[in-house]
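Visitor: starting from these lines, generate the structure:
(2 chains)
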Amino acid sequence: MTKVLMKGNEALGEAAIRANCRNYFAYPITPQTEIAEYMVRRLPEVGGHFVQAESELGAVNMVYGAAAVGERVFTSSSSPGVALMSEAISYLAGSQLPAVLINIVRGGPGLGGILPAQSDYFMATKAGGHGDFRLLVLAPAGVQEAADLVMDAFDLADKYRNPVMIIGDGMIGQMMEPVEFREYNTPEGIDRSYANTGAKDRPPTIVKSLFLDPQQLENNNLELLAKYRLMEQHEIRFEEYAVTDKMDVLVVSYGMMARICKTAIDELNQEGHRVGIVRPITLFPFPSSAIYKAAARARKVIAIEMSTGQMVEDVRLAVRGRRAVQFYGRTGGIVPTPAEIRQQLLKLIK
Amino acid sequence: MLIQSVFAGFGGQGILRAGQIIAYAGMAGNLYVSWLPSYGPEMRGGTANVAVVLADEPVASPVVSTPSVVIAMNRPSLEKFAPMMQTGGKLIINSSLIDIVSERDDLIQYQIRANDIAQELGNPRAANMVILGVFQAVTGIIPDETVEEHIRQSFAAKPQFIELNIACFRHGKNSISQSGINA
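Guide: Predicted coordinates:
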């Protein structure tokens, strides 16, 4: 494989194709419409199916349909579009269907703006829709990682029969970086016994999230819970950078924001300070234990986000009161610069 | 080695393409690169800029807050980005359209009549390649042949423009090394 320079949005689409996904249904919205532009060109070349739906609701329910017949499928949108999908996302989880959802986040609330933001952390990790369920949420910090995580997302969706969300910001969608697509083979033995594929010579399968008997519904929700516990045991991913003993400050930040922090951290450490960062890659399951351990090695802890403070709540839970957790964020599409982060960190160091 | 550059101008000046050629050429030269365009409503209003980072280790922030090299194709770009530059930074000014220089005395400033030179060589729209030549002359971390190869690739769909663009690139590059047009 050779390296190519690609826009994040295009790399997301290409990675899905290489993960042997042949179904993509979507409705355009900035800043991720390039995914659709890319797929409309590429999918026919590989015998795939792309439908530009009449709305986000249409798109996500097509995803539900394709997933129900055992197909690999994904959709993509940006914040307000993903909000419109939340009903069907809940149905996907309740019906235990695998699917990949991409949210290239823009500033909100409401129609908001079109510039990069991380203000959908709550929506992705806590409130992807109604009911007792979770999404497995992956947050790449660059084009290469975005491509890698898309491939993983399809496998994880199949492994847990649960929707998986990739959450990036407008920056990751629009920027170009070198990317090398790894060799991909679909795992053997994926269980498709749930799929509605025609019941000739076998009992019918039923895909549903309706359980009027409360005991059946509780059983279904406990099955979901058991999967989330397994995810917490097996799927937590994070990156530690410059985490050492006796840190002046530990930063917790994810996605592109974490990379901006890294530049500030590099500068400060070259000047003799000790600043490290834990970057959650899975937002659910959250790397609480790693953050707890790293926080114990730092005088101060700060969460930095492009929001008014969402992930910081999980950081505080992770740290369990062992340290006060500070917060710095910009919102509305304003991207903090490395210089700005450096200033904030210096305030804590003093 | 870390070059944090900003290519800035107004829409239609080929500023994103110039940045892209450098990003491709940098990648071909085994550097780590990122190309982060400004996007959004401001582009429709007229200004366009892209942050291009070239480094010999993985790029941390693709967002550039203190550029080491700035290409200013029009006056608003100079006024916006010159104050943000690192001490000792290199400011490349399209003096066809900008009749001032930065008041900062801690920058190295290069003035080049990019539009006029491109016009003289055949097409004012190739001003971006003149200025790219200056960028090449003042940074010099990617071999000239590699950049020229990626100019050719960039214009592969319009081969009739390749030689003009190469000529503009070379003119821009040589104008600096020969006369050192330091403002």
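Visitor: burial count for the closest residue to residue A:219 other than its chain neighbours?
Guide: Once flanking residues are discounted, residue A:219 sits nearest to residue A:211: 8.0 Å by CB to CB, 6 or more residues apart in numbering or on different chains. Heads up, the C-betas are built off the backbone N, CA and C, glycines and all. Residue A:211 has 14 neighbours, counted by other CB atoms under 10 Å in any protein chain shown.
Visitor: what residues are up against residue A:211?
Guide: A:217, A:219-220 (CB atoms under 8 Å, 6 or more residues apart in numbering or on different chains).
Visitor: now do the buried residues in stretch A:319-331.
Guide: A:319, A:323, A:325-331 (16 or more other CB atoms under 10 Å in any protein chain shown).
Visitor: now tabulate those in JSON lines and tack on pLDDT and secondary structure.
Guide: Below are the buried residues of stretch A:319-331 laid out as JSON lines (pLDDT from 0 to 100; DSSP: H, G, I helix; E, B strand; the rest coil):
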{"residue": "A:319", "pLDDT": "98", "secondary structure": "helix"}
{"residue": "A:323", "pLDDT": "96", "secondary structure": "coil"}
{"residue": "A:325", "pLDDT": "98", "secondary structure": "strand"}
{"residue": "A:326", "pLDDT": "98", "secondary structure": "strand"}
{"residue": "A:327", "pLDDT": "98", "secondary structure": "strand"}
{"residue": "A:328", "pLDDT": "98", "secondary structure": "strand"}
{"residue": "A:329", "pLDDT": "98", "secondary structure": "strand"}
{"residue": "A:330", "pLDDT": "97", "secondary structure": "coil"}
{"residue": "A:331", "pLDDT": "96", "secondary structure": "coil"}
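Visitor: what's the helix or strand hosting residue A:171 in contact with?
Guide: Element membership for residue A:171, per DSSP states H and E: helix A:170-174. Identification of contacts with helix A:170-174 by CB under 8 Å, 6+ apart yields A:7-9, A:12, A:30-32, A:34-35, A:78, A:104-106, A:114-117, A:140-143, A:146, A:255-256, A:333, A:335, B:36-37, B:39, B:62-63.
Visitor: same thing but at 6 Å, please
Guide: Contacts to helix A:170-174, defined as CB atoms under 6 Å, 6 or more residues apart in numbering or on different chains, come from residues A:8-9, A:31-32, A:104, A:106, A:115-116, A:146, A:256, B:37, B:39.
Visitor: one more: stretch B:116-132?
Guide: B:13-14, B:18, B:71, B:96, B:114-115, B:164-165, B:167-169, B:171-172.
Visitor: spatially nearest residue to the residue of the stretch 201-350 of chain A at minimum distance from chain B, not counting backbone neighbours?
Guide: Going by CB to the nearest CB, chain B is nearest to residue A:337 of the stretch 201-350 of chain A, at 3.2 Å. Once flanking residues are discounted, residue A:337 sits nearest to residue B:65: 3.2 Å by CB to CB, 6+ apart.
Visitor: tally of neighbours for that neighbour?
Guide: Neighbours of residue B:65 using other CB under 10 Å come to 20.
Visitor: secondary structure class of it, three-state.
Guide: Secondary structure, DSSP: H, G, I helix; E, B strand; the rest coil: residue B:65 is coil.
Visitor: distance check, it against residue A:244.
Guide: Here the criterion is CB to CB, to the nearest Å. By it, residue B:65 lies 26 Å from residue A:244.
Visitor: swap in residue A:178?
Guide: 30 Å.
Visitor: which of these two has more neighbours?
Guide: Set residue A:178 next to residue A:244 and count neighbours by other CB under 10 Å: residue A:178 wins out with 24 against 14.
Visitor: for the more buried one, which non-adjacent residue is closest in space?
Guide: Distances taken as CB to CB, 6+ apart put residue A:3 closest to residue A:178, at 4.5 Å, once the chain neighbours are dropped.
Visitor: residue ranges in chain B under the pLDDT threshold?
Guide: Within chain B, the stretches with pLDDT under 70 are B:40-46, B:177-183.
Visitor: chain A contacts on that one?
Guide: Taking CB under 6 Å from any CB of the partner chain as the test, the list of chain B residues beside chain A reads B:23-24, B:27, B:34-37, B:39-40, B:60-63, B:65-66.
Visitor: the stretch 251-350 of chain A: helices as residue ranges?
Guide: Remark: helices assigned in the stretch 251-350 of chain A by DSSP state H, counting those that start in this stretch are A:255-270, A:288-295, A:311-319, A:338-349.
Visitor: turn the ones you listed into CSV, columns for distance to residue A:194.
Guide: Shown next, in CSV, are those (distance: least, CB to CB, whole Å):
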stretch, distance to residue A:194
helix A:255-270, 33
helix A:288-295, 31
helix A:311-319, 31
helix A:338-349, 46
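Visitor: go through those helices and pick out the most buried.
Guide: For the helices of the stretch 251-350 of chain A, the largest average neighbour count (mean count of other CB atoms under 10 Å in any protein chain shown) is found in helix A:255-270, namely a mean of 24.
Visitor: is it anywhere near chain B?
Guide: Yes - contact between helix A:255-270 and chain B, assessed by CB under 6 Å from any CB, occurs at A:259-260, A:262-263.
Visitor: how does chain A divide up, domain by domain?
Guide: Domain assignment of chain A by automatic domain parsing yields the ranges A:4-184+A:211-234, A:238-349.
Visitor: for these, give me TSV that also has distance to residue B:109.
Guide: TSV is the format used below for these (distance: least, CB to CB, whole Å):
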stretch	distance to residue B:109
domain A:4-184+A:211-234	29
domain A:238-349	22
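Visitor: what's near enough to touch the closest residue to chain A within chain B?
Guide: Minimum separation of chain B from chain A (CB to the nearest CB) falls at residue B:65, amounting to 3.2 Å. Applying CB under 6 Å, 6+ apart to residue B:65 gives the contacts A:337-339.
Visitor: and chain A, which of its residues are near chain B?
Guide: Residues of chain A lying near chain B by CB under 6 Å from any CB: A:5, A:114-115, A:174-178, A:259-260, A:262-263, A:335, A:337-339.
Visitor: now, among these, which is nearest to residue A:295?
Guide: If you rank the residues of chain A next to chain B by distance to residue A:295 using CB to CB, residue A:262 comes first, at 18.4 Å.
Visitor: I'd say that closest one and residue B:60 touch.
Guide: Yes - shown here, residue A:262 and residue B:60 form a contact pair, counting by CB atoms under 6 Å, at 3.8 Å.
Visitor: rewinding a little: quick one: name whatever helix or strand follows the helix holding residue A:171.
Guide: Counting by DSSP H and E, what follows helix A:170-174 is strand A:176-179.
Visitor: helices or strands next to that following strand in the packing?
Guide: strand A:4-7, helix A:143-160 (3 or more CB pairs under 6 Å, 6 or more residues apart in numbering or on different chains; DSSP states H and E).
Visitor: the ones you listed: which one's closest to residue B:153?
Guide: strand A:4-7 (11.1 Å).
Visitor: can you tell me which helices and strands the closest one packs against?
Guide: When contacts are defined as 3+ CB pairs under 6 Å, 6+ apart, strand A:4-7 packs onto strand A:176-179, helix B:15-28.
Visitor: including distance to residue A:314, could these go into CSV?
Guide: CSV is the format used below for these (distance: least, CB to CB, whole Å):
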stretch, distance to residue A:314
strand A:176-179, 28
helix B:15-28, 35
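Visitor: in chain A, which residue sits furthest out from the middle?
Guide: residue A:201 (39.7 Å; CA atoms, centre = their mean).
Visitor: helix or strand for that residue, which one?
Guide: Per DSSP H and E, there is no helix or strand for residue A:201.
Visitor: now the longest helix along chain B and helix B:15-28, what's the angle there?
Guide: If you go by DSSP state H, chain B has its longest helix at helix B:162-179. Between helix B:162-179 and helix B:15-28, the angle comes out at 80 degrees (axes from the mean of the first three to the mean of the last three CA atoms, to 10 degrees).
Visitor: noted, bye for now.
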